[in-house]
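# Fold the stuff below for me.
(one chain, ligands or ions: 1)
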Amino acid sequence: MNRKKIALIGCGAWGMNYVRVISQHESCELTMAYDTDRQKLNKVGVLSPQTKLCETLSSVYLDKEIKGVVVSTNVASHFDIVRESLLHGKHVLCEKPISKTFIEASELKKIADERNLILMVGHIFLYHDGINYVRDILHRKELGDLLYINFKRTGLGPIRDDVNVLWDLASHDFSILLFLVEQKPICISATAKTYIQDSIEDVAFINVEFENNIFANIHISWIEPIKQRVITLVGDKKMLVFDDVNLDDKIKIYDKGISYQTSNGDFGAFQLAIRDGEISIPNIKYKEPLNKEVSHFIECISSNTKPVSDSSGGIEVLRFLEAAQMSIKNGSKRMLL
Ligand SMILES: NC(=O)c1ccc[n+]([C@@H]2O[C@H](COP(=O)([O-])OP(=O)(O)OC[C@H]3O[C@@H](n4cnc5c(N)ncnc54)[C@H](O)[C@@H]3O)[C@@H](O)[C@H]2O)c1
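Next up is the predicted model:
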């Protein structure tokens, strides 16, 4: 098989994961890499000696052999790099969030669509076997009707200085939320605090309301002692907890709930009963999400098909981020979506 030639721009902490995955992938090869920081770039040479370490960005853009560009730089630089890559005819996989603003993201989508190029966003959880399992369960209504979802994404760092905790962490949760809840979002409100750096929020609490009385709460923080990656879904029949830090038993389904029972002999009178049933753990074979994401990018280039995490989804995440930021600015006001 003809392996697609891929270039990586941005070889920092997350970019090195792309180096490992792409350089070992059967459908593509890491042909070129570029980073403004030469020391970071040199590390690519250690892990993937066959990769050409570029001196300039234009050498990536101008190389006709390069079919796809993976952008894993700091968020502030995404727009310019993605734009130039697309204008030079490259398919792009850009890390989340796709850009700093909704308007920028919309412009990138327009450029990609006009040129019939793939523009995929690295919303990695859409390639997570656990999240896909949860989505199937919701489709099958195994939890009954969904009532609410609670997200916890906390830990100590990494603390960023180009974006706040929303753009960094909530971009994951919004992408998951939009993937799981297929109801129309109504409004969003958020509260955030800046404890460490001036004007860069490091802790936030976000509420999202959907049609049919579905509610979501997202708690994100860079400054908590324990790394938590937990999503709790409460349905009117069962409940589910997805704990991504747990290596094996990431998903637990609780046959628990509250139901109404007729009280003794008194028809028409009801009392609430707690149902405390079995806990089941589905047997899921988890594959590395980043590997699946890269495979999907290559498949989309080869077959000219729309990615699961396409630019429209990336734009929708930015719409949520901007509305949450606006709410923070306006004293946690509910913003219509
Ligand atoms: N999907 C995930 O789970 C996940 C996890 C972590 C980070 N990320 C995303 O990956 C991206 C990078 O994050 P990171 O943690 O690796 O950050 P990082 O700061 O460790 O690395 C960013 C790298 O980009 C380089 N860079 C900055 N501007 C550049 C430019 N104009 N041209 C070339 N190189 C440039 C920097 O020198 C640095 O090496 C961000 O978008 C972040 O949101 C995603």
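
# Can you say which helix or strand has Arg229 in it?
Remark: Arg229 resides in strand 223-235, with elements defined by DSSP states H and E.

# neighbouring strands for that strand, and are they parallel or not?
Applying DSSP bridges, strand 223-235 is found paired with strand 146-156 (antiparallel), strand 239-243 (antiparallel).

# Residues contacting the first one, please?
Meaning strand 146-156. The contact list for strand 146-156 (Cβ atoms under 8 Å, 6 or more residues apart in numbering) reads 138, 169-170, 172-173, 176-177, 180-181, 213-236. Every C-beta, even on glycine, is put in place using the N, C-alpha and C of the backbone.

# Where does Val245 fall, secondary structure wise?
Here Val245 is assigned to no helix or strand, by DSSP H and E.

# Provide a list of residues in contact with it.
Counting by Cβ under 8 Å, 6+ apart, the residues that Val245 touches are 227-230.

# Can you say which of these are buried?
Listed as buried from these are 228-230; burial here means 16 or more other Cβ atoms under 10 Å.

# and which of these is nearest Ser72?
Using Cβ to Cβ, Arg229 comes nearest to Ser72 of those, at 20.2 Å.

# if I look at the nearest residue to that closest one once chain neighbours are set aside, how far off is Tyr286?
In space, and not counting its chain neighbours, Arg229 is closest to Asp244: 3.8 Å by Cβ to Cβ, 6 or more residues apart in numbering. Look at Asp244 and Tyr286: by Cβ to Cβ, to the nearest Å, they are 10 Å apart.

# tell me, what's touching those two both at once?
By Cβ under 8 Å, 6+ apart, Asp244 and Tyr286 have these common neighbours: 128, 130, 250.

# residues in contact with the second one?
If a contact means Cβ under 8 Å, 6+ apart, then Gly130 has 242, 244, 250-251, 284, 286 as its contacts.

# Which among those residues count as buried?
Buried subset of those (neighbour count, 16+ other Cβ under 10 Å): 242, 244, 250-251.

# Need the max-distance pair from these.
Spatially, the most separated pair among the buried ones among the contacts of Gly130 is Asp244 and Ile251, at 9.7 Å (Cβ to Cβ).
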